[in-house]
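1. My questions concern the predicted model and sequence given below.
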Amino acid sequence: MASSDEQPTIWAIRFTKRARADMEAAEDRLAEFIGEEKAEAWAAGLEDEAGKLAQFPTIWQIAEEDKLFKENIRRMLYRRTRSGPAYRVLFVLSQNPDDAPTVFIIHVRHATQAPMTQQEAWEIEASE
């Protein structure tokens, strides 16, 4: 049992190039519909929400796409406003003994997109 004064592990948060590109594409699409200012707020909100993964990232569910990947894939749902569009933030956990525990955000996907294909999963893994 852990002592009461033991601090929880703080995980580093890193976005892959693919996840950054996904966010930028989503922000561009949103800007067309809701305006640039609100789209920028959406992106900033996603960054803030992703930062919350630094503590207890293991509480998030395994993603439906998990079976398509070599590693366990977890998901966080992000919605800036109650009525706004929902996005699925897919991430993996890395506990390499040579580095700090890290949450790698690998993909940001609109919740209404069709299910991910095996080909998409391979492309995401190859881009890591």
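-> Good, I have the coordinates. Residues are numbered from 1 along each chain as shown.

2. Would you mind listing the buried residues in the helix or strand where E47 lies?
-> Using DSSP states H and E, E47 sits in helix 36-51. For helix 36-51, burial by neighbour count (16 or more other Cβ atoms under 10 Å) applies to 38-39, 41-43, 46, 49-50. From N, CA and C alone the C-beta is placed, and that goes for glycine too.

3. Could you point out which of those residues is nearest to V108?
-> Comparing the buried residues of helix 36-51 against V108 with Cβ to Cβ places L46 closest, at 7.2 Å.

4. can you tell me which residues contact that closest one?
-> 23, 78, 80, 87, 89, 108 (Cβ atoms under 8 Å, 6 or more residues apart in numbering).

5. ok, the residues you listed vs Q61, which is closest?
-> Comparing these against Q61 with Cβ to Cβ picks out V89 as the nearest, at 11.8 Å.

6. Surely that closest one is within a helix?
-> No - applying DSSP: H, G, I helix; E, B strand; the rest coil, one finds V89 to be strand, outside a helix.

7. Just list the residues touching it, thanks.
-> Counted by Cβ under 8 Å, 6+ apart, V89 has contacts 19, 46, 49-50, 75-78, 105, 107-108.
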